[in-house]
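Chemist: how would this look folded up:
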Amino acid sequence: MTVLAGVNLRQRILLSIAWSFWLNRPLFDRSPGLLEQSQQSDQRMPKYKCKRPSLEDAHKFHKVGHWGLDHSDRFTAEEQVNFATAASEEVKKKCHDALPNTRNLELLILKCHVIIEFALESYIRALSAATMTDRELKLTFEEKTNVAYMMGLGIKDPLLLPSIELLNRIRNDIAHRLTVDEKKLDELIRINSDQYHEKHTFTLGERLRGLKSITWCSCGMIIGLMEGQVLAENTLLKEFKKAD
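Modeler: Okay, here's the model as predicted:
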């Protein structure tokens, strides 16, 4: 029996769905009204480079009498695509390099948790309207998951968010109780297994392989949606410009 047999196929299917969802969404309707609207504004959601307004900026506004942003404060379409591509490559690199070939279950769980958290943060950064430094983005793993969900992550996937959230609980058990909750871990592997009905407990080897597969699959879905949305928004803009 192979745990998560065919997980690579599932990952490809999920990524295809992600790309298809974003690249074929109704925003590509070339109705006259939408085309006319596109001539007046950039259809992409603006992403700003400027720093977060501070209390000093509030006082400056009253002293100077005005405050605003111009196009130089926005990321260009190319910059947004480059950011998403670089983030995607970094997530892939972490999956390749940081997942250890080990039989230490606790270490692997912690590594998987860190990698998925990085993928979630990359998703949020790539699709948000503003930029924030690592110091400013003070969110817990659970909060990052919730924000990503509000931005569209995992809405159409019954496994992604439950798997990520369960991994977080397993990681917290290690951090606070110094032990692995094997029941939770086996549940995590089971809901991602093609033998959900046949098996409820797993060997150490199956748990190790399952964790790696789940991490790869989760990160693949996250970066697939991230790249798909960014590329779709900028492809949409190009399509409008061609039609103009």
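
Chemist: return the helix or strand in the chain with minimum mean pLDDT.
Modeler: Averaged element by element with mean pLDDT, DSSP states H and E, the chain has its least confident helix or strand at helix 32-38 (a mean of 37).

Chemist: next SSE after that helix?
Modeler: helix 55-64 (DSSP states H and E).

Chemist: name the residues that touch that following helix?
Modeler: residue 67 (CB atoms under 8 Å, 6 or more residues apart in numbering). Where you see a C-beta, it was placed from the backbone N, CA and C, and this is true even at glycine.

Chemist: right, and the helix or strand after it?
Modeler: helix 77-98.

Chemist: remind me what the helix or strand following that next one packs against, helices and strands.
Modeler: Scanning forward in sequence from helix 77-98 by DSSP H and E, the next helix or strand is helix 105-127. If you count contacts as 3 or more CB pairs under 8 Å, 6 or more residues apart in numbering; DSSP states H and E, helix 105-127 packs onto helix 77-98, helix 141-150, helix 160-177, helix 204-243.

Chemist: what's the spacing between the most far-flung residue of the chain relative to its centre and residue 70?
Modeler: Computed with CA atoms, centre = their mean, the maximum C-alpha offset from the centroid of the chain is found at residue 63, amounting to 41.1 Å. Distance, residue 63 to residue 70, using CB to CB, to the nearest Å: 20 Å.

Chemist: ditto for residue 185
Modeler: Distance from residue 185 to residue 70, by CB to CB: 52 Å.

Chemist: higher neighbour count, the two?
Modeler: residue 185 (21 against 7; other CB atoms under 10 Å).

Chemist: I'd say that one and residue 208 touch.
Modeler: No: applying CB atoms under 8 Å as the test, residue 185 and residue 208 come out as separate, 10.5 Å apart.

Chemist: now list whatever residues contact both of the two.
Modeler: Going by CB under 8 Å, 6+ apart, residues that sit against residue 185 and also against residue 208 are residue 105.

Chemist: in the chain, what spans have low per-residue confidence?
Modeler: Within the chain, the stretches with pLDDT under 70 are 1-46, 234-244.
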